[in-house]
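# turn this into a structure:
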Amino acid sequence: MADDTQFSYAPETLAEISSLSIRAIQLVEGLLSGHHRSPHKGSSVEFAEYKDYTPGDDIRHIDWKVVAKTDKYHVKQFEQSTNLKCTLLLDASGSMAYRSPDPKSPGMDKRDYTRTLVAAMGYLLLKQFDAVGLTLFNDQVVSHIPPRSRPSHFQNILHGLQAMEFQGITRVDRVVGDLIERLPGRGMLILVSDLLAPREEVFKTLKMLKSRGLEVILFHVLHTDETTLPFEGDLIFESLEDDPPIGLDPFDVRQQYQQAIQEHIEFYTRNCPTLGIDYLFMETSAPLEQALRYYLLRRKSLRKI
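Sure thing, here's the model as predicted:
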């Protein structure tokens, strides 16, 4: 998809995209920008600021129009492109659309949480002049927007997020196997998923990504209901993917269920660092702003960004 692709929006679609855009931009501008823009100066991308001329500065960067007006020598500085290519790989399976039946459930629903997270990361990377692409998947690639670095490409990312439908099952192993030849070598891949799939298959896939020289960041997102099973009474649970309905009283299995979920989270917490993969578990009841602040400050302390 080219940078200058134009879309026609219905009013309700435009409103939804605007809302998503505002959430993402406010999240980045309020907390994250300034921490991650490249500190290196060059002449490759965009004018950044003036500085007073000092002996040794390249005279080609003197702004002679400013000299004519002020009789002072000022040198243009530019933000340098990092030339990073990043693919945002977002799980679009049915379970990612889970919404709590409790209207008082804290935080955003899973669908909005993950879309805002991906939009914010896309916006942040584009502000750094990096190239960003978006791939949506369930058991196959649903859509693929190749990486581009122009600021206007943010609208393409937003459109892809707004238009997505959550359905089907998660097969990250199959998807990455099909996609890996299209991924830029020595680039970055950000995977956002609830990881409700066999963890051995997922971990094997993560190993394959690292073997390609990619930097991998894994955001593991679950709704609070999915970690606590807070429901009461005899209920029938219907799958959002392909499992059959099951009837039970959550009280009878709650302790075992919570233990199994924690073991699943601990598996990734323990094993991802052994591959050099950044892993962050995110629960939707925790403010997205807080989770991203923690993660990005941690990356900054490790001098990765």
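# nearest spatial neighbour of His144, skipping sequence neighbours?
Excluding the flanking residues, the one nearest His144 by Cβ to Cβ, 6 or more residues apart in numbering is Thr135, at 4.8 Å. Every residue, glycine included, has its C-beta placed from N, CA and C.
# I meant Met96, not that one.
Closest to Met96 by Cβ to Cβ, 6+ apart is Phe166, at 5.0 Å.
# am I right that the one you found is in a strand?
No - according to DSSP: H, G, I helix; E, B strand; the rest coil, the state of Phe166 is coil, so it is not within a strand.
# that one and Leu218, how far apart?
19 Å (Cβ to Cβ, to the nearest Å).
# kindly report the same for Pro250.
Distance from Pro250 to Leu218, by Cβ to Cβ: 29 Å.
# higher neighbour count, those two?
Leu218 (22 against 16; other Cβ atoms under 10 Å).
# which SS state does that one fall under?
Classification of Leu218 by three-state DSSP places it in strand.
# picking that back up, and the residue nearest to Met96, how many residues sit next to it?
21.
# ok, Arg270 next?
10.
# sticking with it, tell me its helix or strand.
Here Arg270 sits within helix 250-271, counting by DSSP states H and E.
# give me the distance between the next helix or strand after that helix and the centre of its chain.
Using DSSP H and E, the next helix or strand after helix 250-271 towards the C-terminus is strand 278-283. Relative to its chain's centre, strand 278-283 lies at 11 Å (Cα atoms, centre = their mean, to the nearest Å).
# okay, buried residues for the following helix or strand past strand 278-283 please.
Scanning forward in sequence from strand 278-283 by DSSP H and E, the next helix or strand is helix 288-301. Buried residues in helix 288-301, counted by 16 or more other Cβ atoms under 10 Å: Leu288, Glu289, Ala291, Leu292, Arg293, Tyr295, Leu296, Arg299.
# all set now, cheers.
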